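J.: Mind folding the following:
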Amino acid sequence: MQGALADKYGRRPIFCGGTLLIGLAYALYPMAESASLLYVARAIFGVGIAFASTVLLVFTGDYSQERSRGKWMGGLNFMQSIGAITASLGLTQVPGILQSQGFSSVDSVAAVFIIAVLIAVCGTMIAAFGLKPATIHRETTKKKPLLELLAEGFREAKFNPKITLAYFASMAARGDMVVVGAFTFLWFVRHTADLGLDIQEGYSRGRMIVPLITLTVLLSAPIMGSILDRVDRITGIIIAFSMSAVGYTFMGTISDPLGDTIFAAAIILGLGEGACIMSSIALIGQNAPPKTRGSVIGTFTAAGATGMLLASGVGGYLFDNWTYTGPFLFMGIINAGVLLFAIYIKLSHPDKPEA
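T.: Residues are numbered from 1 along each chain as shown. You can find the predicted model right below:
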């Protein structure tokens, strides 16, 4: 839906509208004195994130050139990691600082949301006045019905197997992120509890491993982006999902997360996670037709959301009913499946040499 709207009405209006919705949601959160208003705020936030994140990927396809698309993805991934680290290390400190200055806990937390609103408004202004219009013609796209634009994403995949591969790669890459975020800390805590140890040991290990994975993604992004520009896009997928399959399988075979082996597994996993995101975006950016790029990338984003739901549901079931490392083993299998599909596409649909 978001990508189709971007094709029909333009990138900047949809992106700016999504960013403003995010800011509106942040403004409503401190005022949510009832569950109903909280649900409304969360719904607005979800819509805003969907619009902004989808069109952000469309922008990368519009503005980047094929010969440097990997570096674009590396830069994008680097800046997103910087944003995540800044938010986790910076904004989370604001309430404590304000309370030490005499502010109440309620006002201190509200200040964080106010800062988030200001950031959203600034982002909207930068996008509205700083982004150059995409150099594509939308005259034909404007006239198409919205439902037809929505179907474009699936139609393009039917005729281009590389787009199909990109969709599956998006599912796996986003599922990878969910598993790391949702199950790593939980695994450490449950493991230490089973051993009869203080769960703070689990939290302490989590505070080392999760940032290590994020830092690996951050530091490897520019290097991986450069590598992706030196190989064809399918080879980039093969490299990325090879590392990810090894990293998640390695993590899934660790019996003691308090041991030192997990550090090596976390680094390999981080390398694979970042590479999978960048290589999948680079692949869809190369193959999405300009006139229906929004629709195709919207479907790409929807595939990623499906992967997140699948990783959460299946991963949670495996965690509760089989083994704590089940989610990691599951994603190892999924990444291996994408790797095999990429090898098949590589052999059956080789890239033509670029001029």
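
J.: ok, which stretches of this protein are helices?
T.: Along the chain, counting by DSSP state H, helices occupy 2-9, 11-28, 35-63, 69-89, 94-100, 105-130, 139-143, 146-159, 161-194, 199-228, 233-252, 261-287, 293-321, 326-348.

J.: avg pLDDT for the shortest one?
T.: Translated: helix 139-143. Mean per-residue pLDDT for helix 139-143: 47.

J.: One more: the fourth one?
T.: Model confidence over helix 69-89, given as mean pLDDT, is 69.

J.: and residue 259, how many neighbours?
T.: Close neighbours of residue 259, defined as other CB atoms under 10 Å, add up to 10. Glycine gets a C-beta too; all of them are placed from N, C-alpha and C.

J.: ditto for residue 47
T.: Around residue 47 there are 18 other residues, counting by other CB under 10 Å.

J.: now residue 101
T.: 8.

J.: Regarding residue 289, what are the backbone dihedral angles?
T.: Note on residue 289: its backbone torsions stand at phi -60, psi 140 [degrees, to the nearest 10].

J.: Counting neighbours, what do you get for it?
T.: When neighbours are defined as other CB under 10 Å, residue 289 has 14 of them.

J.: same question, residue 316
T.: Each residue near residue 316 was counted by other CB under 10 Å, and the total is 16.

J.: any idea how far residue 330 is from it?
T.: Separation of residue 316 from residue 330 (CB to CB, to the nearest Å) stands at 10 Å.

J.: can you check residue 275 too?
T.: Residue 275 sits 19 Å away from residue 330, going by CB to CB.

J.: Same drill for the two, tell me which one is more crowded.
T.: Relative neighbour count places residue 275 above the other of residue 275 and residue 330, with 31 against 22, counting by other CB under 10 Å.

J.: got a list of what the more buried one touches?
T.: When the contact criterion is CB atoms under 8 Å, 6 or more residues apart in numbering, the partners of residue 275 are 220, 224, 228, 236, 239, 240, 243, 244.

J.: give me that answer again for 10 Å
T.: Contacts for residue 275 were tallied using CB atoms under 10 Å, 6 or more residues apart in numbering; they are 73-74, 77, 173, 217, 220-221, 223-225, 227-228, 236-237, 239-244, 247.

J.: Lowest average confidence across helices and strands of the chain, where is it?
T.: helix 139-143 (a mean of 47; mean pLDDT, DSSP states H and E).

J.: burial count for the closest residue to residue 324 other than its chain neighbours?
T.: Excluding its sequence neighbours, the residue lying closest to residue 324 (CB to CB, 6 or more residues apart in numbering) is residue 187, at 4.6 Å. By the measure other CB under 10 Å, the count of residues near residue 187 is 24.

J.: is it true that residue 187 touches residue 328?
T.: Yes. Counting by CB atoms under 10 Å, residue 187 touches residue 328, with 8.4 Å between them.

J.: what do these two both touch?
T.: Taking CB under 10 Å, 6+ apart as the criterion, residue 187 and residue 328 both touch 251, 254, 319.

J.: which residues of the stretch 51-200 of the chain score low on pLDDT?
T.: Within the stretch 51-200 of the chain, the stretches falling below the threshold (pLDDT under 70) are 54, 57-70, 72-74, 77, 81, 84-85, 87-89, 92, 132-150.

J.: out of everything not next to it in sequence, what's closest to residue 284?
T.: If you skip the residues right next to it in sequence, residue 284 has residue 166 as its closest partner in space, 4.0 Å away by CB to CB, 6+ apart.

J.: For the residue of the chain positioned farthest from its centre, give me phi and psi.
T.: Taking CA atoms, centre = their mean, the residue of the chain most remote from its mean C-alpha position is residue 102, at 38.0 Å. Per-residue torsions, residue 102: phi 100, psi 0 (degrees, to the nearest 10).
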